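Undergrad: got a sequence here, can you build the structure:
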Amino acid sequence: MIAEGLLSNVVPVLKKNDTCAQALGWMDLFRVSHLPVVEGSSYVGLLSDEIMYAHGCLNDPINSLEIPRESTFVYDDMHIYHVIEVASSLGLSIVPVLSRKEVYQGAILLSDILHSVEKMLCVDDAGGIIVLEVNKIDYSLAEVAQIVEYNEAKVLSCFVTCTPDSNKVDITVKVNTPRIEPILDTFVRYRYVIKSTFVLGEDVNDELRDRYGQLIKFMEM
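TA: Model prediction:
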């Protein structure tokens, strides 16, 4: 998933002559704490409510503020992983997107990112989730997939979680069947440590969708 495919149609932009009060009004309306400042098609920077409140005088134009630009955006051909990295490292509520010619293209909302992650992880599909613990040196995605497929199942999604200062990694695998017992038995025979398991049948998956919908509504409040 590429940044240009995640752009929102609803994020407004600020102009340099807008006042802090106007900017805060837009942020409140769209339930965000950041908005991009644009001059023509050029990206000026990303303004936060924190900067304006720290400034104090809400009647001043935003061009009287120092608006950060560096590292506050992504390019339109970057992967969603980079979008998530920028949003997470800076605590952003939106991520501006530029073309490689430095032309402002739009912005990505956190809810857009969450919807995309939902698709990547196959949240909507019934099946089983298995969390394995292995040594970093022993990690083999090919072997994990082979074990799953040996038991006539398919890997729907997989991600690895690394713990700092540890030689262990967690592998979270979602498979396309709720009958995960044979798969677990095979992992045990191959000396994998099974940390936890979850089964998502249709009933459980309905509950998961409801909870995910509540999360999206909360993010948009």
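Undergrad: quick check: the closest residue to residue 107 other than its chain neighbours vs residue 103, distance?
TA: Counting by CB to CB, 6 or more residues apart in numbering, the nearest residue to residue 107 once its immediate chain neighbours are dropped is residue 11, at 4.2 Å. Quick note: C-beta positions are derived from backbone N, CA and C, even for glycine. Using CB to CB, to the nearest Å, one obtains 16 Å as the distance from residue 11 to residue 103.
Undergrad: pick out whichever of those two has more residues nearby.
TA: Summary of the neighbour comparison: residue 11 and residue 103, criterion other CB atoms under 10 Å, with residue 11 having more neighbours (21 against 13).
Undergrad: what about that one, which SS state?
TA: Using DSSP: H, G, I helix; E, B strand; the rest coil as the criterion, the local structure at residue 11 reads coil.
Undergrad: all further residue positions should be reported with the first residue as 593.
TA: Done: numbering now begins at 593, and the last item shifts to residue 603.
Undergrad: which ones are touching it?
TA: Shown in contact with residue 603 (CB atoms under 8 Å, 6 or more residues apart in numbering): 622, 624, 627-628, 686, 698-699, 701.
Undergrad: Produce a PyMOL select command limited to the buried residues of those residues.
TA: Filtering these down to the buried ones (16 or more other CB atoms under 10 Å) takes a single PyMOL command:
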select buried, resi 622+624+627+628+686+698+699+701
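Undergrad: report all helices and strands that whichever strand or helix holds residue 619 contacts.
TA: Counting by DSSP states H and E, the element that carries residue 619 is helix 612-622. On a contact count with 3 or more CB pairs under 8 Å, 6 or more residues apart in numbering; DSSP states H and E, helix 612-622 meets strand 626-631, helix 641-647.
Undergrad: now stretch 687-704: mean pLDDT?
TA: Averaging pLDDT along stretch 687-704 gives 94.
Undergrad: that stretch: which residues count as buried?
TA: Neighbour-count burial for stretch 687-704, with 16+ other CB under 10 Å as criterion, is recorded at 687-690, 696-704.
Undergrad: got it, and stretch 604-622?
TA: Using 16+ other CB under 10 Å, the residues of stretch 604-622 that count as buried are 605-606, 610-612, 614-616, 619, 622.
Undergrad: from the residues you listed, pick the one nearest residue 674.
TA: The shortest approach to residue 674 among the buried residues of stretch 604-622 belongs to residue 605, at 21.8 Å (CB to CB).
Undergrad: what sits against that closest one?
TA: For residue 605, the residues meeting the contact criterion (CB under 8 Å, 6+ apart) are 627-630, 696.
Undergrad: how about a cut-off of 10 Å?
TA: By CB atoms under 10 Å, 6 or more residues apart in numbering, the contact set of residue 605 is 618, 627-631, 635-636, 688, 696, 698-699.
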